[in-house]
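just the structure for this:
(chains A and B)
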Amino acid sequence: MKDIIVLAASTAIVIFMVIVAAALGFRARKRVDAAELERLVALSEPGARIANLACADDGAAALAQLADGKLAIAKAMADRVTLRLHAPDLVKLRVEPGSVRVTFADLGFPALHIKLNNPPSWLADLAAGGGGHA
Amino acid sequence: MIANEAAPQAPAWISEIITYAVPVFVILILSEMVAVKLMRRGEYSAIDSAASLSMGLGNQVAKLLVGGLAVAAYYWVYQFRLFDLGWTWPVLVACFFAEDLAYYWMHRVSHERRWFWASHVVHHSSQHYNLTTALRQTWTGVLGLSFIFWLPLVLIGFPPEMVLMFSAFSLVYQFWIHTELIHRMGPLEWVLNTPSHHRVHHATNPQYLDANYAGVLIIWDRLFGTFVPEDDKEKPRYGIIANLGTFNPFRVAFHEWAGIWRDVTHAKSLRDALGYMFGPPGWSPDGSRKTSHSIKQQWAAHQAAATPAE
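Prediction:
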């Protein structure tokens, strides 16, 4: 019983601390643009060259094809951006109306909907199983 | 052992050390948030902190559910102890150092072997470094058998309660070093694990990878060659090599275990399966994935190519 009370109190304190953090203004959201993606790719894969790039209309994500064929997928995570580099065969791409859906095998990276009203041709080509135009 | 009134006794409050520390943790976290806001040094994200604190809560639930297994293992091994060390001041001092050394090796192996990394990765999965990151703890530590690194201590003859007490003290000590507000601490940097040393440990910059595994004393890293000082010109980038794309605590807790399962079930041989389980994180049979070692090599090669020859 004591353990339950301690856990309940801890949960209440956690909620309180998160509310305080939000109230203090720690709610920043980062936008993913071409410069940010290039910066992250350079850090992760020194010397890599971006061949094609598409940024989401809402700035929440971006997708690039590197010159060596790898895909770079960036996702805004609050005030940070997470980048993943994958061989194209390890990522499932599907062009849907108004967005491109990217699916990963990794439980730590849920499927991503990149809002793109006009997906570039290289992306549509890639989703269709082609190699793009790297 | 002859009873001695001056000899220390096993304190009754050992199991409550973390519980007693929680109010202090809360006050320090709230103070850090305000200080970060006012001083514009360090960073917070409410949703990231929510994920970290949820992991801390889940860790407490996991300890309630299965923590007894680790304690039971300590007592089971203790019956085969080599010496009856008992509770004396010299034994307490020796146990402090022995526990810290055991922590160093547990922590180091937790970074170098994927089986143990699958639990420990949780603690490194935030891209922030603040006091809430300290509470971002695994839910699978006991099931991942990380307690086995302390079994030699009870086999030698250190009382299990004493080992548990110093483990708890070590955890409490390591809370306050998760901050960007404290820069350097003078001569203490030589002996103690400090915020500066631990920032390096949490960084993904290639030159900072696989360094500073200390719990309380940084001397182990200096002794075993894993010490890397913080370079003011190289700001740490926190997180993991493949940062997470989620704040969902369940995904955070189990993503690496799911990755091991996926790899092992697709392995082409027993050797590959064992490599996926017990090789370094990022190991793959064809070397196509990145390990800390390959990242450091790639970085060093790039640095060498970028530096003009004299």
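
how about the residues of chain A near chain B?
Residues of chain A that fall close to chain B, judged by C-beta under 8 Å from any C-beta of the partner chain: A:3, A:6-7, A:10-11, A:13-14, A:17-18, A:20-22, A:24-28, A:43, A:46-47, A:75, A:77-80, A:82-84, A:87, A:104-110, A:112. Where C-beta positions appear, they are placed from N, C-alpha and C, glycine not excepted.

and the residues you listed, which are buried?
A:10, A:13-14, A:17-18, A:20-22, A:24, A:26, A:75, A:77-80, A:82-84, A:104, A:106-109, A:112 (16 or more other C-beta atoms under 10 Å in any protein chain shown).

restricted to helices, list those.
A:S10, A:I13, A:V14, A:M17, A:V18, A:V20, A:A21, A:A22 (DSSP state H).

now for the residues you listed: which two are most distant?
Spatially, the most separated pair among those is A:S10 and A:A22, at 18.9 Å (C-beta to C-beta).

quick check: closest non-adjacent residue to B:L92.
B:P8 (6.3 Å; C-beta to C-beta, 6 or more residues apart in numbering or on different chains).

likewise for B:M39?
Closest to B:M39 by C-beta to C-beta, 6+ apart is B:L181, at 7.2 Å.

please apply the same query to A:A42.
Nearest non-adjacent residue to A:A42 (C-beta to C-beta, 6+ apart): A:A48, at 7.1 Å.

how much space between that neighbour and chain B?
11 Å (C-beta to the nearest C-beta, to the nearest Å).

correct me, but that residue touches A:R39?
No. Using C-beta atoms under 8 Å, A:A48 is not in contact with A:R39; the gap is 11.8 Å.

pLDDT below threshold where in chain A?
A:130-134 (pLDDT under 70).

find the closest residue to chain B in it.
A:G108 (3.3 Å; C-beta to the nearest C-beta).

work out for me the element the residue lying closest to that residue once chain neighbours are set aside sits within.
Nearest non-adjacent residue to A:G108, counting by C-beta to C-beta, 6+ apart: B:H255, 3.3 Å away. Using DSSP states H and E, B:H255 maps to helix B:249-265.

can you give the contact residues for that helix?
Contacts of helix B:249-265 with the rest of the structure, by C-beta atoms under 8 Å, 6 or more residues apart in numbering or on different chains, involve A:105-108, A:110, B:51, B:54-55, B:58, B:114-115, B:117-119, B:121-122, B:125, B:138-140, B:244, B:246, B:273, B:276-277, B:281.

ChimeraX command for the buried members of these?
Those of the contacts of helix B:249-265 that count as buried under 16+ other C-beta under 10 Å are selected in ChimeraX with:
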select /A:106,107,108 /B:51,54,55,58,114,115,117,118,119,121,122,125,138,139,140,244,246,273,276,277,281
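
among the contacts of helix B:249-265, which are in helices?
B:51, B:54-55, B:58, B:114-115, B:117-119, B:121-122, B:273, B:276-277.

of those, just say which sits nearest to B:N130.
B:A51 (12.6 Å).

list the contacts of the closest one.
Contacts of B:A51 (C-beta under 8 Å, 6+ apart): B:S126, B:R136, B:F247, B:N248, B:P249, B:V252.

show the buried residues in those.
B:S126, B:R136, B:F247, B:P249, B:V252.

which two from those end up farthest apart in space?
B:S126 and B:P249, at 12.0 Å, using C-beta to C-beta across these.

quick one: the helices in the stretch 101-250 of chain B?
B:114-124, B:131-134, B:151-156, B:160-175, B:188-191, B:195-202, B:219-224, B:249-265 (DSSP state H, counting those that start in this stretch).

quick check: angle from the fourth one to helix B:195-202?
In this structure, helix B:160-175 runs at an angle of 90 degrees to helix B:195-202, with axes from the mean of the first three to the mean of the last three C-alpha atoms, to 10 degrees as the basis.

tell me if helix B:160-175 is near chain A.
No. Helix B:160-175 does not reach chain A (C-beta under 8 Å from any C-beta); its nearest approach is 14.2 Å.

packing partners for that helix?
helix B:17-39, helix B:46-78, helix B:89-112, helix B:131-134, helix B:151-156 (3 or more C-beta pairs under 8 Å, 6 or more residues apart in numbering or on different chains; DSSP states H and E).

please repeat the previous calculation with a cut-off of 6 Å.
Identification of packing neighbours for helix B:160-175 by 3 or more C-beta pairs under 6 Å, 6 or more residues apart in numbering or on different chains; DSSP states H and E yields helix B:17-39, helix B:46-78, helix B:89-112.

just put the ones you listed in JSON lines and tack on mean pLDDT.
Below are these laid out as JSON lines (pLDDT from 0 to 100):
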{"stretch": "helix B:17-39", "mean pLDDT": "94"}
{"stretch": "helix B:46-78", "mean pLDDT": "96"}
{"stretch": "helix B:89-112", "mean pLDDT": "98"}
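
looking at those helices, which is closest to A:K92?
Sorting those by C-beta to C-beta, the top spot, which is the nearest, belongs to helix B:46-78 at 26.0 Å.
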